[in-house]
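Engineer: just need the structure, nothing else, for what follows:
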Amino acid sequence: MLFDFGFISIRWIWVALTILFALIEVFTLGLTTVWFALAALVLVFLSFLPIPIKFQILIFLAISAVLLFYTRPLALKKFKTGRVKTNVDSLIGMHALVTRKISEFEKGEVKLNGQFWSARTEGGSEITEGTKCEVVRIEGVQAIVRPLETATENVSN
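Structural biologist: As a prediction, this is how the structure comes out:
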């Protein structure tokens with residue numbers, strides 16, 4: 001016999017939970033409650049079978065756990081949520097010109113893409129003014145650079 005809460009059948013509770021979890025996911029976009037919504041949707045159909053409520057809840061929890069722990073990491077990789085790319089990422093690998101000497105213990109300055117950036121070297125080496133270098137990474141508002149091997153490289157001004 002199906003379990004009823006007064007006038008409400010358990011299948012309507014599963015429908016309500018499906019909608020609730022889906023709405024929470026729409027507003028949070030955290031890829032968390034979508035798995036609970038999918039599990040509740042499965043239970044909507046399973047609730048037509050004569051399965052006791054305690055087993056339905058256990059099935060719901062099992063499906064939710066499996067989806068959450070095994071498919072969420074794959075979905076996060078696929079959608080790359082949590083990481084916002086910025087224009088700074090495009091500066092990595094560009095060439096710059098040292099406008100103020102950079103030493104191991106003192107920041108210098110580089111001209112990169114027409115703008116001046118405070119800079120330091122990747123390995124702590126010294127780079128003199130007028131040297132061409134390559135941007136290895138950006139840390140905050142500071143360019144981390146290394147000197148170029150050849151002097152015939154193009155510089156971004």
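
Engineer: could you use CA atoms for every contact and neighbour count after this?
Structural biologist: Noted.

Engineer: ok, the residue lying closest to residue 107 once chain neighbours are set aside - contacts?
Structural biologist: Of all residues not flanking residue 107 in the chain, residue 120 sits nearest, at 5.2 Å (Cα to Cα, 6 or more residues apart in numbering). Each residue near residue 120 by Cα atoms under 8 Å, 6 or more residues apart in numbering is listed here: 102-104, 106-109, 142-145.

Engineer: helix/strand/coil for residue 120?
Structural biologist: Secondary structure, DSSP: H, G, I helix; E, B strand; the rest coil: residue 120 is strand.

Engineer: mind listing the residues bridging to it?
Structural biologist: Listed by DSSP bridges, the beta-bridge partners for residue 120 are residue 144.

Engineer: just checking, next helix/strand downstream of the lowest-mean-pLDDT helix or strand in the chain?
Structural biologist: When each helix and strand of the chain is scored by mean pLDDT, DSSP states H and E, strand 4-5 comes last, with a mean of 56. Downstream of strand 4-5, the first helix or strand assigned by DSSP states H and E is strand 8-9.

Engineer: so what strands line up beside that following strand?
Structural biologist: Counting by DSSP bridges, strand 8-9 is paired with strand 4-5 (antiparallel).

Engineer: same question for stretch 39-51, mean pLDDT?
Structural biologist: On average, the pLDDT along stretch 39-51 is 93.

Engineer: tabulate the CA atom coordinates of that stretch in PDB.
Structural biologist: In PDB, the C-alpha atoms belonging to stretch 39-51 read as follows (Å, rounded to 0.1, in the frame of the first residue of the first chain):
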ATOM      1  CA  ALA A  39      17.000  11.500  -7.500                       C
ATOM      2  CA  ALA A  40      13.600  12.900  -6.500                       C
ATOM      3  CA  LEU A  41      12.400  12.700 -10.100                       C
ATOM      4  CA  VAL A  42      13.300   9.000 -10.200                       C
ATOM      5  CA  LEU A  43      11.300   8.500  -7.000                       C
ATOM      6  CA  VAL A  44       8.300  10.100  -8.600                       C
ATOM      7  CA  PHE A  45       8.100   7.100 -11.000                       C
ATOM      8  CA  LEU A  46       9.100   4.600  -8.300                       C
ATOM      9  CA  SER A  47       6.400   5.800  -6.100                       C
ATOM     10  CA  PHE A  48       3.800   4.200  -8.400                       C
ATOM     11  CA  LEU A  49       5.200   0.800  -7.200                       C
ATOM     12  CA  PRO A  50       4.200  -0.600  -3.800                       C
ATOM     13  CA  ILE A  51       7.500   0.400  -2.200                       C
END
